[in-house]
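*Asks:* Next input, structure requested:
(chains A, B and C)
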Amino acid sequence: MSTTLASAEIRAFQRELIAWFARVKRDLPWRRTRDPYAIWISEAMLQQTRVETVIDYWRRFLARFPNAAALADAREEDVLGSWSGLGYYRRARNLHAAALAIRERHGGVFPRDPELVRELPGIGRYTAGAVLSIAFDAPEPLVDGNVARVFARLFELEAPLGSKELERELWSLAERLVPARGAGDWNQALMELGATLCAPKKPRCDACPLARRCRALAAGSVETLPRPKARRASVEVELEVLCVERDGAWLFVRRPSDGRMAGMLELPTIEVAAAGRERLHPIAHAAGVELRASEPLVQVRHTITHHRIRAQAFVGRTARRALPEPYEWHASSRLGELPLTGLTKKVLRALRS
DNA sequence: GAACCGTGGAC
DNA sequence: TGTCCAAGGTT
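*Replies:* Predicted coordinates for the structure are as follows:
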């Protein structure tokens, strides 16, 4: 079942939504540039991440890596350091790899050809459409979570999020609706509507410029669309964390180069359930660390995807300066530059207060 | 196609 | 407190 759209209807959608966007659009820092590199970075950061969180990260990242050449010249370690705390760290690795590809394949210039853009690591159909339409005003469609919600309601699409059927219909609508000129504004207007009025909960239909055309509003199904996809239940995990400071440096462990939080640094950590009675002692022993007290110094709660974490941090001491892999010492004055995991940042923050 | 990948904030 | 969610991409 596919939605039909008359061309007069399409023009009306475009006119009304773009006029609304021109009136109410938020003043976001990446909206003050047409630099495809800067816009690309914002799009990568905004994936599954809130605007308020991204703003500071984007400013710092652009100051440190102002263009694709600078990013290509950087060490991956430093790119991860700038990303530390944002999550989904593969995005940072992909950015760095894509910057290298732009240098090698495109002379350091962000490509304009959609097929070439799509070949860059970490850039899928959405991000390609976003950068090309916003930076170059290319008539490329896009569908993100906002657009999916807006379309599902406007056209009363019943297929569940993530289903093949809904995906096909959403992209078909996006292709038919995107204007030949002003695609960047149109795409951003759709997302802005989803982010500010057509919200997941308690949408503000009273203020919506498209309310008159919304099938779900007419049918009273706005709150039930789009149909959510099933979610995995979350699991409780108990961790113990080892805090060792010596000569103004902290003891960290380098995570493996693949899997969760690949290549990041964290405080030595063990899962209580997997540790048996020995608890922290195995890693403490490996690092020659002596636990100073049996009582945790701080307790921290954290969530990672479908895990709910309760972490207790213990303080230890060691006489050893040189340690085998994966242990590393890092000066406490440089913690802000390191690719630390979110949990580790949280523990260190708690220790300091 | 489903699972995986992080985090902080709203309610 | 638990749950849901936010400008997705990769495997």
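*Asks:* quick one, helices of the stretch 201-350 of chain A?
*Replies:* Read by DSSP state H, counting those that start in this stretch, the stretch 201-350 of chain A holds these helices, from start to end of the chain: A:215-219, A:272-275, A:281-286, A:342-352.
*Asks:* Pull the contacting residues for A:I55.
*Replies:* By C-beta atoms under 8 Å, 6 or more residues apart in numbering, A:I55 lies in contact with A:28-29. Every C-beta, even on glycine, is put in place using the N, C-alpha and C of the backbone.
*Asks:* again, only this time at 10 Å
*Replies:* A:I55 makes contact with A:28-30, A:42, A:45, according to C-beta atoms under 10 Å, 6 or more residues apart in numbering.
*Asks:* Same check on A:A313?
*Replies:* Under the criterion of C-beta under 10 Å, 6+ apart, the contact partners of A:A313 comprise A:239-243, A:267, A:269, A:296-300, A:344, A:346-348, A:350-351.
*Asks:* Would you check that A:S84 makes contact with A:L343?
*Replies:* No - counting by C-beta atoms under 10 Å, A:S84 stays clear of A:L343, with 11.4 Å between them.
*Asks:* one step back: return the subset of the contacts of A:I55 lying in helices.
*Replies:* Assigned to helices by DSSP state H, the following of the contacts of A:I55 qualify: A:42, A:45.
*Asks:* Tell me the bridge partners for the nearest residue to A:L239 once chain neighbours are set aside.
*Replies:* Leaving aside its sequence neighbours, A:L239 sits nearest to A:A311 (C-beta to C-beta, 6 or more residues apart in numbering; 4.3 Å). Taking DSSP bridges, one finds A:L239, A:V300 as the beta-bridge partners of A:A311.
*Asks:* Surely A:A311 touches A:E236?
*Replies:* No - A:A311 lies out of contact with A:E236 (C-beta under 10 Å); the separation is 11.9 Å.
*Asks:* who's more crowded, the two?
*Replies:* In this view A:A311 and A:E236 are compared by other C-beta atoms under 10 Å, and A:A311 has more residues nearby, 23 against 9.
*Asks:* Tell me the spacing between that one and A:P226.
*Replies:* Counting by C-beta to C-beta, to the nearest Å, the gap from A:A311 to A:P226 is 35 Å.
*Asks:* sorry, back to before: need the winner for burial among the helices of the stretch 201-350 of chain A.
*Replies:* Burial among the helices of the stretch 201-350 of chain A, expressed as mean neighbours by mean count of other C-beta atoms under 10 Å, is greatest for helix A:342-352, which shows a mean of 19.
*Asks:* Need the contact partners of that helix.
*Replies:* A:84-87, A:89, A:239, A:241-243, A:245, A:250, A:252-253, A:261, A:264-269, A:297-304, A:309, A:311-313, A:315, A:332, A:335-336, A:338, A:340-341.
*Asks:* does any bit of it sit next to DNA strand C?
*Replies:* No - in this structure, helix A:342-352 remains apart from DNA strand C according to C-beta under 7 Å from any atom of the strand; the gap is never smaller than 11.7 Å.
*Asks:* okay, that helix in PDB with CA atoms only?
*Replies:* Only the C-alpha atoms of helix A:342-352 are listed here, as PDB (Å, rounded to 0.1, in the frame of the first residue of the first chain):
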ATOM      1  CA  GLY A 342      31.900   7.400  29.700                       C
ATOM      2  CA  LEU A 343      31.800   5.200  32.900                       C
ATOM      3  CA  THR A 344      35.500   6.000  33.600                       C
ATOM      4  CA  LYS A 345      34.900   9.700  33.200                       C
ATOM      5  CA  LYS A 346      32.000   9.400  35.600                       C
ATOM      6  CA  VAL A 347      34.000   7.600  38.200                       C
ATOM      7  CA  LEU A 348      36.900  10.100  38.000                       C
ATOM      8  CA  ARG A 349      34.400  12.900  38.300                       C
ATOM      9  CA  ALA A 350      32.900  11.300  41.300                       C
ATOM     10  CA  LEU A 351      36.300  10.800  42.900                       C
ATOM     11  CA  ARG A 352      37.200  14.500  42.500                       C
END
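*Asks:* Close to DNA strand B: what parts of the stretch 51-200 of chain A are there?
*Replies:* By the rule C-beta under 7 Å from any atom of the strand, the part of the stretch 51-200 of chain A lying against DNA strand B is A:52-53, A:85-90, A:162-164.
*Asks:* measure whichever residue of the stretch 101-250 of chain A sits closest to DNA strand B to DNA strand C for me?
*Replies:* Relative to DNA strand B, the nearest point of the stretch 101-250 of chain A is A:K164 (2.9 Å; C-beta to the nearest atom of the strand). Summarising the geometry, the distance separating A:K164 from DNA strand C, computed by C-beta to the nearest atom of the strand, to the nearest Å, is 12 Å.
*Asks:* Same question for A:P29.
*Replies:* Taken as C-beta to the nearest atom of the strand, the spacing of A:P29 relative to DNA strand C amounts to 10 Å.
*Asks:* That residue and A:V54 touch, don't they?
*Replies:* Yes - here A:P29 lies in contact with A:V54, judged by C-beta under 10 Å, at a distance of 9.2 Å.
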